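# Compute the structure for the input listed below.
(chains A and B)
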Protein chains: 2
Amino acid sequence: MATARRARLSTDARREQLVALGVEMFSERPFDEVSIDDIAASAGISKGLLYHYFPSKRDFYVAVVRHSADEMQAVTETDPELAPLARLSAGLDKYLEYVETHARGYSTVLRAGIGSDREVAAIVEEVRSAMATRILDDIPGGEPSPGVRIAVRGWVGFAEAASLEWLERRELSRDELRDLLIQALTGAIGAAASHYAVR
Amino acid sequence: MATARRARLSTDARREQLVALGVEMFSERPFDEVSIDDIAASAGISKGLLYHYFPSKRDFYVAVVRHSADEMQAVTETDPELAPLARLSAGLDKYLEYVETHARGYSTVLRAGIGSDREVAAIVEEVRSAMATRILDDIPGGEPSPGVRIAVRGWVGFAEAASLEWLERRELSRDELRDLLIQALTGAIGAAASHYAVR
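Numbers count the residues shown, from 1 in each chain, chains lettered A, B, ... in the order given. Predicted structure coming up:
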């Protein structure tokens, strides 16, 4: 039993190593240009062994996206004791630090591909939904109105698009971008909450 | 020569028909679930003839996205004589009408797929960039600052994300969503233009 457990742990560890390698590879090159042969060669293992861990290149890609999503969720965790605005600011600092240090992977996942993949779309949706929920939970006054919910989901798209644009040229400092994101969010929530026409 | 011209025209017309069919098919089902056989069967032509028009399923998909992008650009054209705010409002009315009537295709192109495809990403980027440029061109005072440019690009992401969320539940009217988008844009531009920290 001890042997079986060791073998299991080492399988998990190897799987993790492969996923870390995948994060690197898919950040450098588009999916179509990374072959199973390349991955196996970079990992120093046989194609057969690689297929033992991941039945297809798509499965491998999904595992890489899953890993990146979990990592982003984990690094952007903030102290729930902070006041809402301080918490938003701290969360955005961590978000933008992640975006900056994982620039290529971030751009790769968010750029349009051929068709859509249910599993990848579900993971990306999960990250967006978690970002929105954290913010909505910090807005006082019970269940947010549909207008406020749409404003917050819209702002998540704003944060992604502004980050991608920022990565291209870095003309603002990270702190300036964070401040712009905060103002865009408070402005959008304020508009949705106060405007009579928006329920 | 007249015969050659007729043949050419009919080739273009047939190609257009196939693209229109593709818009329907890729809106209903994900890329991976639409086979070349399905497409040929729906079009009532042989696989061989389909390959004559489009060398691969990917080429066909790219043509469909290209067509949708051109269509969206064309329908959201607005009268350049209008005042900036009226023009923005008119453009958004047309944008949201397009989003509503092409809901499935809009969601399909914007949802995450496996990896990213340079050609599809370039088309999507072209649409986003054109939306941002129309708005930036209407802001008085010469070359916009980097902060304003990032705010407008961020807002294009806001408009997409808010539209996708809206399509899910339709809890706001189209006019209410348009007003929310206008307020989010003017708020974000105002913040970027006036805030000292944001250049």
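# and the longest helix anywhere in chain A with chain B, contact?
Longest helix of chain A, by residue count under DSSP state H: helix A:2-28. Yes - counting by C-beta under 8 Å from any C-beta of the partner chain, chain B is contacted by helix A:2-28 at A:Phe26. To be clear about C-beta, it is placed using only N, CA and C from the backbone, and glycine gets the same treatment.
# Over to stretch A:37-47?
No - applying C-beta under 8 Å from any C-beta, one finds stretch A:37-47 separated from chain B by no less than 13.3 Å.
# Can you give the domain ranges for chain A?
A:2-55, A:63-194 (automatic domain parsing).
# Return the distance of the first one from the chain's centre.
Yep, that's domain A:2-55 we're talking about. Centroid separation between domain A:2-55 and its chain, computed with C-alpha atoms, centre = their mean, to the nearest Å, is 21 Å.
# what does stretch A:42-59 give?
24 Å.
# now, of the domains of chain A, which is deepest in the fold?
Counting by mean count of other C-beta atoms under 10 Å in any protein chain shown, domain A:63-194 has the highest mean neighbour count of the domains of chain A, with a mean of 19.
# measure it end to end?
42 Å (C-alpha to C-alpha, to the nearest Å).
# packing partners for the longest helix of chain A?
Using 3 or more C-beta pairs under 8 Å, 6 or more residues apart in numbering or on different chains; DSSP states H and E as the contact test, the elements touching helix A:2-28 are helix A:36-43, helix A:47-53, helix A:57-75, helix A:103-110.
# Would you mind putting the ones you listed into CSV with mean pLDDT and distance to B:Ser42 alongside?
What follows is those, written out as CSV (pLDDT from 0 to 100; distance: least, C-beta to C-beta, whole Å):
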stretch, mean pLDDT, distance to B:Ser42
helix A:36-43, 93, 33
helix A:47-53, 94, 35
helix A:57-75, 91, 26
helix A:103-110, 80, 32
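# right, so of those, which gets closest to B:Tyr95?
helix A:103-110 (20.8 Å; C-beta to C-beta).
# packing partners for the next helix or strand after that closest one?
Next along the chain after helix A:103-110, taking DSSP states H and E as the criterion, comes helix A:118-137. Helix A:118-137 sits against helix A:57-75, helix A:103-110, helix A:146-169, with contacts defined as 3+ C-beta pairs under 8 Å, 6+ apart.
# how about 10 Å then?
In terms of contacts (3 or more C-beta pairs under 10 Å, 6 or more residues apart in numbering or on different chains; DSSP states H and E), helix A:118-137 is packed against helix A:57-75, helix A:84-101, helix A:103-110, helix A:146-169, helix A:174-194, helix B:103-110, helix B:146-169.
# where's that helix relative to the chain centroid, distance-wise?
9 Å.
# Find me the pLDDT at A:His102, would you?
Here the pLDDT value assigned to A:His102 is 86.
# ok, back up a step: mind checking which of the helices and strands packed on helix A:2-28 is nearest A:Thr186?
Using C-beta to C-beta, the nearest of these to A:Thr186 is helix A:57-75, at 22.9 Å.
# looking at it, A:Ile39 is touching A:Asp59, isn't it?
No - contact criterion C-beta atoms under 10 Å: A:Ile39 and A:Asp59 do not qualify, at 11.8 Å.
# A:Leu181 touches B:Gly154, doesn't it?
Yes - counting by C-beta under 10 Å, A:Leu181 does reach B:Gly154; the two are 7.7 Å apart.
# Mind listing the shared neighbours of those two?
Residues touching both A:Leu181 and B:Gly154 by C-beta atoms under 10 Å, 6 or more residues apart in numbering or on different chains: A:155, A:158-159, A:162-163, A:166, B:188.
# Need those in CSV (columns: distance to A:Ser68).
Below are these laid out as CSV (distance: C-beta to C-beta, whole Å):
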residue, distance to A:Ser68
A:Trp155, 21
A:Phe158, 21
A:Ala159, 16
A:Ala162, 19
A:Ser163, 14
A:Trp166, 19
B:Ala188, 27
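# where does chain A have low pLDDT?
A:1-9, A:112-116, A:195-199 (pLDDT under 70).
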